[in-house]
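A.B. asks: sequence first, predicted model second:
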Amino acid sequence: MVAALLAPLWAGAQDAPQMNLQRVKLTAGMHLIDAQVALAPEERQVGLMFRKDMPQHEGMIFVFEQPAQQCFWMKNTLLPLTAAFVADDGTIVNMADMKPLTLDSHCSSQPVRYVLEMNKGWFAKKGIKAGSKLGGPLFEAKR
């Protein structure tokens, strides 16, 4: 059901950013996030690769079928990002700052279904850290 609602057309371009994914509104405290949803395996694989800029209130949320240890890297990703590894109820389990164009692995400290990537420093500037909760339709169904 969620897949049918959130399954955008994937162009398949391997050297261009994904700009037309479905979006979802999330909250982090009083802060609003406009997040692209990477739901299909192909969308998750490309992620934010090749993006040259991203507005501060935007990000990308990666949605996996079931909780597992999730690991991310920054191959072909031009922007410095922070990844928040998020439990089913929206609680941020841990976070990782990631440097552009690296193959360093950044992993969740426990099984999670969601990973939210924002511009590096966004969470810190807003006082959001491990233990903080995100809100939005993705998490409401899991409570």
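C.D. replies: It's in.

A.B. asks: switch to C-alpha atoms for all contacts and neighbour counts from now on
C.D. replies: Fine.

A.B. asks: helices along this structure, start to end?
C.D. replies: Using DSSP state H, the helices of the chain run over residues 2-6, 41-46, 122-125, 137-140.

A.B. asks: just checking, what's the longest strand in this protein?
C.D. replies: Determined from DSSP state E, the single longest strand within the chain is strand 58-68.

A.B. asks: for that one, which helices and strands make contact with it?
C.D. replies: Counting contacts by 3 or more CA pairs under 8 Å, 6 or more residues apart in numbering; DSSP states H and E, strand 58-68 is packed against strand 31-38, strand 112-119.

A.B. asks: next, the angle strand 31-38 makes with it.
C.D. replies: 60 degrees (axes from the mean of the first three to the mean of the last three CA atoms, to 10 degrees).

A.B. asks: tell me the mean pLDDT over strand 58-68?
C.D. replies: For strand 58-68, mean pLDDT rounds to 97.

A.B. asks: so where's the chain uncertain?
C.D. replies: The model of the chain has pLDDT under 70 over residues 1-14, 141-143.

A.B. asks: picking up where we left off before, partner strands of the longest strand of the chain and their direction?
C.D. replies: With DSSP bridges as the test, strand 58-68 is paired with strand 31-38 (parallel), strand 112-119 (antiparallel).
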